[in-house]
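# could you work out the structure for the sequence below:
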Amino acid sequence: MATTNKIAKKTKEAPNELPIFSMTGEKVGSIALPSQIFNAPWRADLVHQVTTAMQANLRQNRAHTKDRAEVSGGGKKPWKQKGTGQARVGSSRSPLWRHGGVTFGPRSERDYSEKINKKMRVGALLSVLSQKAKDGEIVLVDHFSFAKPSAKTAKIAMQALAKGTDARFLSKKKNAALLALSSYDTNSIKSFSNFGNMKTEEVRNINPLEIMTHKYLIIENPEKAFGEILSRTNFK
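Residues are numbered from 1 along each chain as shown. Here you go, the predicted structure:
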């Protein structure tokens, strides 16, 4: 009878620094990872609570049914109260009748939004970023530079980065990478807008839900980006 050996699961550690690549896929330097960002423990409970709340806040309530006061018709009493031998009826738009109002149906007034405390949101963000670093799914780029919007140039840049970092940006059909831009750049955003498996976002707006939805996180201008993330962790 074969015996199974229980192997203790080793906890991955985030690297102390990561290389920085250019748009051509060449290594142009490296940068130390701030411990305030990338040494946070994995908090599955916190991340789950924050991401589900964010999904609830994105939820749009379209289902709506009309009650007996909203359906058209039914203003006249179908028959007199007594003497017909039938049950008493005040309106032909009663929920018991065909074409009547709906009882306890879904209403568009329902609010699914949930409150997310600032410390919880930041804690979940740091936890997700730390886990991405431990899994080797963060790629640093010095900058994206496009003279004009060009999907062809953006594809060449992604192919070069994939070759230089061994990351599979283009093999995944959905949610391959989230590009965190250091600032709003129209040319960069338009260049990647036709990529169905990638999404661009300013680094100041990245959140745990978007990061976890995508396989890789590509951060442009990491020195400025890390400073922006650290500024979000300061509470007054």
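# helices of this structure, residue ranges please.
Counting by DSSP state H, the chain forms helices over residues 35-38, 44-58, 118-134, 151-165, 186-191, 208-213, 222-232, given from the N-terminal end onward.
# CSV for these, including distance to residue 174 and mean neighbour count?
The C-beta positions use only the backbone N, C-alpha and C, and glycine is treated the same way. Putting those into CSV (distance: least, CB to CB, whole Å; neighbours: other CB atoms under 10 Å) gives the following:
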stretch, distance to residue 174, mean neighbour count
helix 35-38, 26, 16
helix 44-58, 17, 15
helix 118-134, 18, 19
helix 151-165, 15, 17
helix 186-191, 19, 17
helix 208-213, 9, 19
helix 222-232, 25, 17
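# I'd like those laid out as a markdown table, including mean pLDDT.
Below are the helices of the chain laid out as a markdown table (pLDDT from 0 to 100):
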| stretch | mean pLDDT |
| --- | --- |
| helix 35-38 | 92 |
| helix 44-58 | 96 |
| helix 118-134 | 95 |
| helix 151-165 | 91 |
| helix 186-191 | 94 |
| helix 208-213 | 95 |
| helix 222-232 | 92 |
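# residue 99: which of those is closest?
Distances from residue 99 to each of the helices of the chain were compared using CB to CB; the minimum, 34.3 Å, belongs to helix 44-58.
# convert the closest one to PDB, retaining C-alpha atoms only.
The C-alpha coordinates for helix 44-58 follow below in PDB (Å, rounded to 0.1, in the frame of the first residue of the first chain):
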ATOM      1  CA  ALA A  44      -7.800  36.100   1.100                       C
ATOM      2  CA  ASP A  45     -10.700  37.200   3.300                       C
ATOM      3  CA  LEU A  46     -10.000  40.900   2.800                       C
ATOM      4  CA  VAL A  47      -9.400  40.600  -0.900                       C
ATOM      5  CA  HIS A  48     -12.700  38.600  -1.300                       C
ATOM      6  CA  GLN A  49     -14.700  41.100   0.700                       C
ATOM      7  CA  VAL A  50     -13.300  44.100  -1.300                       C
ATOM      8  CA  THR A  51     -13.600  42.600  -4.800                       C
ATOM      9  CA  THR A  52     -17.100  41.300  -4.200                       C
ATOM     10  CA  ALA A  53     -18.200  44.700  -3.000                       C
ATOM     11  CA  MET A  54     -16.600  46.300  -6.000                       C
ATOM     12  CA  GLN A  55     -18.500  43.900  -8.300                       C
ATOM     13  CA  ALA A  56     -21.700  44.800  -6.400                       C
ATOM     14  CA  ASN A  57     -21.100  48.500  -7.000                       C
ATOM     15  CA  LEU A  58     -20.700  47.800 -10.700                       C
END
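# what sits up against that helix?
In this structure, residues lying in contact with helix 44-58 by CB atoms under 8 Å, 6 or more residues apart in numbering are 112-116, 120-121, 123-124, 127-128, 207-209, 212.
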